[in-house]
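Student: Structure, please.
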Amino acid sequence: MGVTKEQVESSLTSKLKPSHLEVIDTSGGCGASFAIEIVSEQFEGKRLLERHRIVNTALEEEMKQIHALSIKKALTPEQWKQQQETQKSKSDA
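Tutor: Here you go, the predicted structure:
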């Protein structure tokens, strides 16, 4: 049995305390492939590669059964806020 979306969410929530987290099972339900979007204060001052490593470390046990992990966004709360404001101003235009 593969990893569930809930297991991925639980691990990331307990270890990274995200202010925003979206986990999508892209494997069709078998739990082998996930896409995630995460916003965490733990990413402050870290480059993108370091942020991805933090996520992979948080999912160390789950990664033993996951074949593909796509980290769509790994942002700080400030970056997330700016991105949301930019998207809002574009949709208002």
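
Student: Flag every buried residue along stretch 4-13.
Tutor: For stretch 4-13, a neighbour-count test (16 or more other Cβ atoms under 10 Å) marks Gln7, Val8, Glu9, Ser11, Leu12 as buried. C-beta coordinates here come from the backbone N, C-alpha and C atoms, glycine included.

Student: To which secondary structure element is the second one assigned?
Tutor: Using DSSP states H and E, Val8 sits within helix 5-16.

Student: for the longest helix seen in the chain, the distance to its chain's centre please.
Tutor: Across the chain, the longest stretch assigned as helix under DSSP state H is helix 77-92. Offset of helix 77-92 from its chain centre (Cα atoms, centre = their mean, to the nearest Å): 18 Å.

Student: packing partners for it?
Tutor: strand 33-39 (3 or more Cβ pairs under 8 Å, 6 or more residues apart in numbering; DSSP states H and E).

Student: Report the angle between the strand it packs on and helix 77-92.
Tutor: Relative orientation of strand 33-39 and helix 77-92, computed by axes from the mean of the first three to the mean of the last three Cα atoms, to 10 degrees: 100 degrees.

Student: Quick one: low-confidence residue ranges for the protein.
Tutor: Residues of the chain that meet the criterion pLDDT under 70 lie in 1, 93.

Student: which among the buried residues of stretch 4-13 gets closest to Ala35?
Tutor: Nearest to Ala35, judged by Cβ to Cβ, of those is Val8 at 10.4 Å.

Student: what's the distance between the closest one and Phe34?
Tutor: Noted for Val8: a distance of 6 Å to Phe34, by Cβ to Cβ, to the nearest Å.

Student: Now the common contact residues for the two.
Tutor: Val23, Ile66 (Cβ atoms under 8 Å, 6 or more residues apart in numbering).

Student: thinking again about what came up before, the next helix or strand after the helix holding Val8 to helix 5-16, inter-axis angle?
Tutor: Sequence order places strand 20-25 as the next helix or strand after helix 5-16, per DSSP H and E. Interaxial angle of strand 20-25 relative to helix 5-16 (the same axes, to 10 degrees): 150 degrees.
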